[in-house]
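>>> quick one: sequence and predicted model below, then my questions.
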Amino acid sequence: MKSAVIVFPGSNCDRDMIVGLETVTGQRPIPIWHRETTLPDGLDVIAVPGGFSYGDYLRSGAMAANSPVMRAVKDAAERGVPVLGVCNGFQILTEAGLLPGALMRNAGIRFVCRDVALTVGEARSPFTAGYRAGEQVVFPVAHHDGNYQADAETLDRLEGEGRIAFRYAGECNGSARHIAGIVSERGNVLGMMPHPERAVEPAHGNQDGRRLFEGLLETVGA
């Protein structure tokens with residue numbers, strides 16, 4: 001599986017994502033610097049990792065969403081290439097218009113850093129192929145601006161179209177309807193605040209995140 005990981009100034013989870021993908025797929029992802037205007041041919045998946053791109057100036061993800069490389073990422077997403085945005089990557093995808101809604105400051109104005117239980121939603125996507133709807137998994141979270149919000153019409157549409165990929169099993173950051181991750185209309189773009197790449201190896205404490213990458217590998221091909 002040929003993959004790429006986008007790297008911005010201030011990204012700090014790009015290496016975690018690279019290691020997670022390589023561990024599961026056996027192939028080293030290609031790191032892509034934010035100034036690039038094109039992506040390698042034949043990519044099976046693009047990952048936009050966590051961190052504090054551009055120091056979170058203006059809004060988390062706002063400046064990164066306007067980086068040259070994001071035009072190529074948007075074009076790839078429109079062609080159906082799977083795109084995964086984790087934590088700051090989720091923020092970037094919403095700022096870029098690839099996913100609806102916005103990530104706001106956490107309720108309680110505190111940085112949240114712990115393992116959280118998630119309930120798998122009904123979203124049909126290459127990224128959820130390794131899970132069953134309704135099952136519980138545990139992923140780490142580490143964010144200050146992970147409070148997902150959208151207007152009622154958008155939230156109802158996400159519910160009605162089965163586009164909620166993960167929900168927090170309990171209160172985490174104030175997110176509307178406990179949303180932790182959503183997919184695009186086509187299902188090929190996933191944005192989520194929890195970190196599956198930090199739950200891949202036994203040393204991580206659990207391997208629930210590994211199944212996200214395994215399901216992706218089985219869906220898009222080796």
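That came in fine, so what should we check first? Numbers count the residues shown, from 1 in each chain.

>>> let me know the secondary structure of Gly215.
Here Gly215 is recorded as helix under DSSP: H, G, I helix; E, B strand; the rest coil.

>>> for Ala176, which non-adjacent residue is closest in space?
With CB to CB, 6 or more residues apart in numbering as the measure, Gln149 is the residue that lies nearest to Ala176, at 5.3 Å, once sequence neighbours are left out. (C-beta placed from N, C-alpha, C; glycine too.)

>>> count of neighbours near the one you found?
Neighbourhood size, Gln149 [other CB atoms under 10 Å]: 15.

>>> verify the contact between it and Pro100 for me.
No: applying CB atoms under 8 Å, one finds Gln149 not in contact with Pro100, separated by 10.5 Å.

>>> quick one on the thing from earlier: tell me the contacts of the residue nearest to Ala176?
Gly101, Ala102, Leu103, Met104, Ser175, Ala176 (CB atoms under 8 Å, 6 or more residues apart in numbering).

>>> and of the residues you listed, the nearest to Ser3?
Leu103 (23.9 Å; CB to CB).

>>> and the closest residue to that closest one other than its chain neighbours, how many neighbours does it have?
In space, and not counting its chain neighbours, Leu103 is closest to Gln91: 4.7 Å by CB to CB, 6+ apart. When neighbours are defined as other CB under 10 Å, Gln91 has 31 of them.

>>> in contact with Gln91, which residues?
Going by CB under 8 Å, 6+ apart, the list of residues near Gln91 reads Arg59, Ser60, Gly61, Gly85, Leu103, Asp145.

>>> distance check, the second one against Ile92.
For Ser60, the distance to Ile92 (CB to CB, to the nearest Å) stands at 8 Å.

>>> which of those two has more neighbours?
Using other CB under 10 Å, the more surrounded residue of Ser60 and Ile92 is Ile92, with 33 against 28.

>>> which one in the protein is furthest away from the centre?
Farthest-out residue of the chain from its mean C-alpha position, per CA atoms, centre = their mean: Gly108, at 23.2 Å.

>>> please settle this for me: is that one part of a helix?
No: Gly108 sits outside any helix when classified using three-state DSSP, being coil.

>>> and it, how far from Val138?
Using CB to CB, Gly108 is found at 21 Å from Val138.

>>> again, but for Val69
To Val138, Val69 is 32 Å away according to CB to CB.

>>> neighbour count: those two, which is higher?
For the pair Val69 and Val138, the greater number of neighbours falls to Val69 (22 against 16), based on other CB under 10 Å.

>>> report the secondary structure state of the more buried one.
Of the three states, Val69 takes helix under three-state DSSP.

>>> next: Ile32.
Going by three-state DSSP: Ile32 is strand.

>>> give me the neighbour count for it.
A count of nearby residues for Ile32, using other CB under 10 Å, gives 21.

>>> bridge partners for it, pull those for me.
For Ile32, the beta-bridge assignment (DSSP bridges) gives partners Ile6.
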